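Chemist: Show me the folded form of this:
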Amino acid sequence: RGGEKTETKRKADFGLSGALASDERTGNVYNGVVLKFVEPPEARAPNVRWRLYVFKKSAARKEGKSKSGGPSSSSSSNDDSDLLEVLHISRQSAYLFGRDRRVADVPVDHTSLSGQHCVLQYRALPDPASSSLGEPRLRCRPYLMDLESTNGTYINGIRIEGARYYELRKGDVLTLGGSTREYVLLTENSTSTSA
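Modeler: Residues are numbered from 1 along each chain as shown. Just a heads-up that it's a prediction; the model follows:
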């Protein structure tokens with residue numbers, strides 16, 4: 001039967017289709033994890049050396065009283081025993097906070113926090129004060145965006161909306177979800193929280 005052609009049946013292909021690889025082309029995948037945010041075009045590494053001073057709330061302050069017995073303030077106490085660490089956050093344009101250690105720049109372990117909880121993003125935007133002098137100068141400032149986490153992100157005790165940038169100022173206190181850690185934003189040479 002030399003004249004007959006035998007057709008082979010094509011078997012099902014259960015390999016990767018490449019549909020998810022489109023995220024790798026757009027830069028939205030890091031270490032195999034799809035990120036919940038994309039850096040904006042105005043993202044820049046800052047010139048100012050920003051730092052986050054990480055404090056743990058004491059039991060007295062959690063109950064609304066400071067160690068002196070008075071009402072608690074919105075900022076952390078100056079007692080160095082509460083200081084856990086200092087994070088240098090001026091080496092890249094964005095810092096992701098979250099429990100997923102594969103992608104988080106600032107890993108957090110509290111159970112009330114999300115895998116990708118929030119992002120601190122530096123953005124270079126035109127300075128309104130310099131616009132009257134002709135060509136506006138760019139000013140690189142830190143912004144915080146909650147990545148639609150379940151338990152929220154707080155700036156100075158006020159919960160912020162998800163998926164929206166909020167400009168941060170020197171001395172702002174960040175808290176995440178139900179965590180007892182407070183992140184105080186200061187610059188390298190800060191001796192007080194005044195801007």
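Chemist: In contact with the residue nearest the centre of the chain: list those residues for me.
Modeler: Most central in the chain under Cα atoms, centre = their mean is Val119, positioned 1.8 Å from the mean C-alpha point. Contact partners of Val119, counting by Cβ atoms under 8 Å, 6 or more residues apart in numbering, are 37, 94-97, 144-145, 147. Heads up, the C-betas are built off the backbone N, CA and C, glycines and all.
Chemist: Repeat the analysis, applying 7 Å as the threshold.
Modeler: Neighbouring residues of Val119 by Cβ atoms under 7 Å, 6 or more residues apart in numbering: 37, 94-96, 145, 147.
Chemist: which pair in the residues you listed spans the largest distance?
Modeler: The largest separation in the contacts of Val119, counting by Cβ to Cβ, is between Tyr95 and Leu147 at 12.4 Å.
Chemist: tell me which of the contacts of Val119 is nearest to Lys56?
Modeler: Tyr95 (19.7 Å).
Chemist: Can you give me the distance of that closest one to Asn156?
Modeler: 19 Å (Cβ to Cβ, to the nearest Å).
Chemist: Between those two, which is the more surrounded one?
Modeler: Tyr95 (21 against 13; other Cβ atoms under 10 Å).
Chemist: In terms of pLDDT, where does that one sit?
Modeler: On pLDDT, Tyr95 comes in at 98.
Chemist: helices and strands around the helix or strand hosting it, which ones?
Modeler: Element membership for Tyr95, per DSSP states H and E: strand 94-98. Packing partners of strand 94-98 (3 or more Cβ pairs under 7 Å, 6 or more residues apart in numbering; DSSP states H and E): strand 118-126.
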